[in-house]
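J.: I'd like to go over a predicted model; first the sequence, then the structure.
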Amino acid sequence: MALIFERPSTRTRVSFEVGVTELGGHPVVLREGETQLSRGESLRDFALVLSRFVAAIGIRTGPHRTVEELAEHSAVPVVNMLTSEHHPCQALADLLTLRERFGDLRGLKLAYVGDGNNVANSLMLLGAAAGMEVAVATPEERRPSLSVDGASVTLTSDPEAAAEGAHALYTDVWVSMGDEASAASLRTSLEPYRLDEALLERARPEAIALHCLPAHPGEEITAGVLYGERSAVWDQAENRLHAQKALLELLVA
Ligand code: CP
Ligand code: NVA
């Protein structure tokens, strides 16, 4: 499997590399600047050639269109390992974590608080597909633009309303890769959306805290919640490996 990283990664890189190896495959990691894409080779030619060498292609990049274009021309499955718009492999691991903790996903309430980013978009899509209720609380100007059919996804600017009765509270970084130029204004507008102990109190007594990582304790989540007994964050990180191996078995085996 070719694993193309045009942006940094800890979890995605290691979990895919280990997962492919555990499945008996060979991961080929390619970083930005290491292929002829960086010298103008077209995505079309890149996809046509890689399809002759590998069983699947994973890519982490900024523009979502890049993944789509690669998939249009590739004869092998293309896996989105994060774009500015979506992070589906993360959401698969998140649903696995919720299933481990609560059993059936149907009817669970997941509350996401923070920036309406790629992680929020993927949770809305996968959560709704799994029959969950997904409440997303963001500042109005950072509301996800994605619209998901059905009444199971609600968008609000009130984090406490979103957290009410939730089985899980979820947050992500305030400054995503590519958003560095707006870091100061993002930090100001997201200040009321921190996942802290008070917000967790609004959720169900058995509620867990989730974060896709990397975390910035004191910013989008308190250290007390991140490292506390209601945190499922480390299981969630481990589940990247298991969920992606299942995905590859489905796509390639
Ligand atoms: N959650 C996640 O995708 O982490 P990395 O950016 O470290 O891969
Ligand atoms: N929203 C974050 C997720 C990192 C895994 C980003 O895109 O940087």
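T.: Good, I have the coordinates. Residues are numbered from 1 along each chain as shown. Ligands and ions are numbered 1, 2, ... in the order given.

J.: Show me what from the stretch 1-150 of the chain comes close to ligand 2.
T.: Taking Cβ under 6 Å from any ligand atom as the criterion, the neighbours of ligand 2 within the stretch 1-150 of the chain are 117-119. Quick note: C-beta positions are derived from backbone N, CA and C, even for glycine.

J.: Can you tell me which of the residues you listed end up in helices?
T.: Cross-referencing these with the helices (criterion: DSSP state H) gives 118-119 as the overlap.

J.: Quick check: of the residues of the stretch 1-150 of the chain next to ligand 2, which lies closest to residue 86?
T.: Nearest to residue 86 among these is residue 118, at 5.4 Å by Cβ to Cβ.

J.: May I have the residues that are in contact with the closest one?
T.: Residues in contact with residue 118, defined by Cβ atoms under 8 Å, 6 or more residues apart in numbering, are 82-87, 176.

J.: Also residue 58?
T.: Contacts for residue 58 (Cβ under 8 Å, 6+ apart) come out as 1-4, 16, 78-81.

J.: same thing but at 10 Å, please
T.: 1-5, 12-13, 16, 20, 27, 29-30, 67, 77-82, 89, 244, 248 (Cβ atoms under 10 Å, 6 or more residues apart in numbering).

J.: Near ligand 1, list only the ones from these.
T.: Counting by Cβ under 6 Å from any ligand atom, the members of these that reach ligand 1 are 12, 82.

J.: In helices only, show me the contacts of residue 58.
T.: For the contacts of residue 58, the ones inside helices are 12-13, 16, 20, 67, 89, 244, 248, with DSSP H as the criterion.

J.: just to revisit the earlier point, pick out whichever of the contacts of residue 118 sits closest to ligand 2.
T.: Taking Cβ to the nearest ligand atom as the measure, ligand 2 sits nearest to residue 176 out of the contacts of residue 118, at 3.4 Å.

J.: so what pLDDT did the closest residue to the closest one other than its chain neighbours get?
T.: In this structure, residue 176 finds its nearest non-sequential neighbour in residue 117, 5.0 Å apart by Cβ to Cβ, 6 or more residues apart in numbering. We have a pLDDT of 98 for residue 117.

J.: and what of residue 227?
T.: 98.

J.: these two touch, right, it and residue 234?
T.: Yes - in this structure, residue 227 is within contact of residue 234 by Cβ atoms under 10 Å, at 9.3 Å.

J.: Give the burial count for residue 181, as a bare number.
T.: The burial count assigned to residue 181 is 9, neighbours taken as other Cβ atoms under 10 Å.

J.: How about residue 9?
T.: Based on other Cβ under 10 Å, the number of other residues close to residue 9 is 18.

J.: residues in contact with it?
T.: Applying Cβ under 10 Å, 6+ apart to residue 9 gives the contacts 3, 15-16, 29, 31, 60, 81-82, 177, 214.

J.: Just the element for it, please.
T.: With secondary structure defined by DSSP states H and E, residue 9 is part of neither a helix nor a strand.

J.: got the residues of the stretch 51-200 of the chain near ligand 1?
T.: Residues of the stretch 51-200 of the chain that fall close to ligand 1, judged by Cβ under 6 Å from any ligand atom: 82, 90.

J.: Next, give me the two most distant ones among the contacts of residue 118.
T.: Pairwise distances across those peak at 12.0 Å for 86 and 176 (criterion: Cβ to Cβ).

J.: tell me, what's touching the two both at once?
T.: 117-119.

J.: Kindly provide the distance from residue 204 to residue 110.
T.: The gap separating residue 204 from residue 110 is 12 Å, by Cβ to Cβ, to the nearest Å.

J.: Dump the contacts of residue 118 into a markdown table; add distance to residue 197, neighbour count and secondary structure as well.
T.: A markdown table is the format used below for the contacts of residue 118 (distance: Cβ to Cβ, whole Å; neighbours: other Cβ atoms under 10 Å; DSSP: H, G, I helix; E, B strand; the rest coil):
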| residue | distance to residue 197 | neighbour count | secondary structure |
| --- | --- | --- | --- |
| 82 | 30 | 27 | coil |
| 83 | 33 | 24 | coil |
| 84 | 31 | 17 | coil |
| 85 | 32 | 18 | coil |
| 86 | 31 | 20 | coil |
| 87 | 27 | 26 | coil |
| 176 | 25 | 19 | coil |
